[in-house]
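Asker: Sequence plus the predicted model coming up.
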Amino acid sequence: MKEIKMLDHQKIILKNVMNDTQLFEKELMKSIRWLEAEDVLKLKNWLETNLWKSHKEIIRKVFERTAA
């Protein structure tokens, strides 16, 4: 069985919950807490490329909150 990296796992989770904005925000917060700093940057880039149009306010809010 192929081992899945945590970053890839979190991307799958976020894609699966993207229709529920509250759950999406909650899972994004968890992702940032669980991932290494390098993977958080990769996740942010992936979000900006793939989900920015539909979730930019949540993405912006969560990353601003975690940077503080």
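Answerer: Sure, I can see it. Everything numeric in this text was worked out from a predicted model, so none of it was measured. Numbers count the residues shown, from 1 in each chain.
Asker: Helices of the protein, start to end?
Answerer: 6-16, 21-34, 37-50, 52-67 (DSSP state H).
Asker: in the lowest-mean-pLDDT helix or strand in the chain, what's buried?
Answerer: Lowest mean confidence among the helices and strands of the chain (mean pLDDT, DSSP states H and E): helix 52-67, at a mean of 94. The neighbour-count check on helix 52-67 (16 or more other C-beta atoms under 10 Å) flags 55, 58, 59, 62, 63 as buried. (Glycine included, C-beta is placed from N, CA and C.)
Asker: what do you get for stretch 34-45?
Answerer: 35, 39, 40, 43.
Asker: Put together CSV for these, with pLDDT and distance to residue 5 on each row.
Answerer: Listed next are those as CSV, based on pLDDT from 0 to 100; distance: C-beta to C-beta, whole Å:
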residue, pLDDT, distance to residue 5
35, 95, 10
39, 95, 8
40, 96, 13
43, 97, 11
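Asker: Closest to residue 67 out of these?
Answerer: residue 40 (10.4 Å; C-beta to C-beta).
Asker: Would you enumerate the residues in contact with that closest one?
Answerer: 31, 32 (C-beta atoms under 8 Å, 6 or more residues apart in numbering).
Asker: And the pLDDT for the residue sitting nearest the centre point of the chain?
Answerer: In the chain, the residue lying closest to the centroid (C-alpha atoms, centre = their mean) is residue 28, at 4.1 Å. At residue 28, the model reports a pLDDT of 98.
Asker: just the one 10 residues further on next, same as before
Answerer: pLDDT recorded at residue 38 is 95.
Asker: Look up how far residue 52 lies from it.
Answerer: The gap separating residue 38 from residue 52 is 21 Å, by C-beta to C-beta, to the nearest Å.
Asker: cool, and residue 37?
Answerer: 21 Å.
Asker: With residue 44 instead?
Answerer: 10 Å.
Asker: Which residues are in contact with each of those two?
Answerer: Contacts common to residue 44 and residue 52, judged by C-beta under 8 Å, 6+ apart, are residue 59.
Asker: what's the closest residue to residue 21 other than its chain neighbours in contact with, if anything?
Answerer: Here the nearest residue to residue 21 in space, its sequence neighbours aside, is residue 58; by C-beta to C-beta, 6 or more residues apart in numbering that works out to 6.2 Å. Counting by C-beta under 8 Å, 6+ apart, residue 58 makes contact with 21, 24, 25, 28.
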